[in-house]
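Colleague: Sharing a model that was predicted from the sequence below.
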Amino acid sequence: MNQEILLVIPGAGDESTGHQAVIEPETTVADLLRAAGLNPTDWQLQVKQGENLVSLGAQDRIADYTHNGDKVHAFPTNMVVGTTA
């Protein structure tokens, strides 16, 4: 059964963009990232399961980790957090 999810892509500062996506049971993380114009080698997805965030690999099927209406968060694989002096 197809699911509708919200793909959240970070932007500059606190800005982010949400993209509604309909996924099929076999849709992989790489498929969704490419459909959103993102390179799967440079981006990953995280989903919330209970109180935890789970990072998904490029070949993981998104429907195995989500329910209809869920949010999935894209983040760059080379993300730097914090600042350096």
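Modeller: Perfect, I can see it now.
Colleague: Quickly list what Ala21 is bridged to.
Modeller: For Ala21, the beta-bridge partners are Ile5 (DSSP bridges).
Colleague: Quick one: residues contacting Val47.
Modeller: By Cβ atoms under 8 Å, 6 or more residues apart in numbering, the contact list for Val47 reads Leu53, Val54, Leu56, Ile62, Tyr65, Thr66, Asp70, Val72, His73. (C-beta placed from N, C-alpha, C; glycine too.)
Colleague: and these, which are buried?
Modeller: Buried members of the contacts of Val47, counted by 16 or more other Cβ atoms under 10 Å: Leu56, Ile62, Tyr65, Thr66, Val72, His73.
Colleague: Rebuild those as TSV, extending it with pLDDT and secondary structure.
Modeller: As requested, the buried ones among the contacts of Val47 are arranged in TSV below (pLDDT from 0 to 100; DSSP: H, G, I helix; E, B strand; the rest coil):
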residue	pLDDT	secondary structure
Leu56	96	strand
Ile62	96	helix
Tyr65	95	coil
Thr66	95	coil
Val72	96	strand
His73	94	strand
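Colleague: which one of these sits closest to Gln46?
Modeller: The closest of those to Gln46 turns out to be His73 (Cβ to Cβ; 4.8 Å).
Colleague: Confirm for me that that closest one is in contact with Trp43.
Modeller: No - applying Cβ atoms under 8 Å, one finds His73 not in contact with Trp43, separated by 10.4 Å.
Colleague: May I ask which two of the contacts of Val47 are separated the most?
Modeller: Top of the distance list for the contacts of Val47 (Cβ to Cβ): Leu53 and Ile62, 14.7 Å.
Colleague: which residues of this structure score low on pLDDT?
Modeller: Applying pLDDT under 70 to the chain flags residues 79-85.
Colleague: rerun that using 80 as the cut-off
Modeller: Scanning the chain with the threshold set as pLDDT under 80 gives 11-14, 79-85.
Colleague: any chance you could map the helices in it?
Modeller: Remark: helices assigned in the chain by DSSP state H are 29-35.
Colleague: now the strands for it?
Modeller: For the chain, the strands defined by DSSP state E cover 3-10, 16-23, 43-49, 52-56, 71-76.
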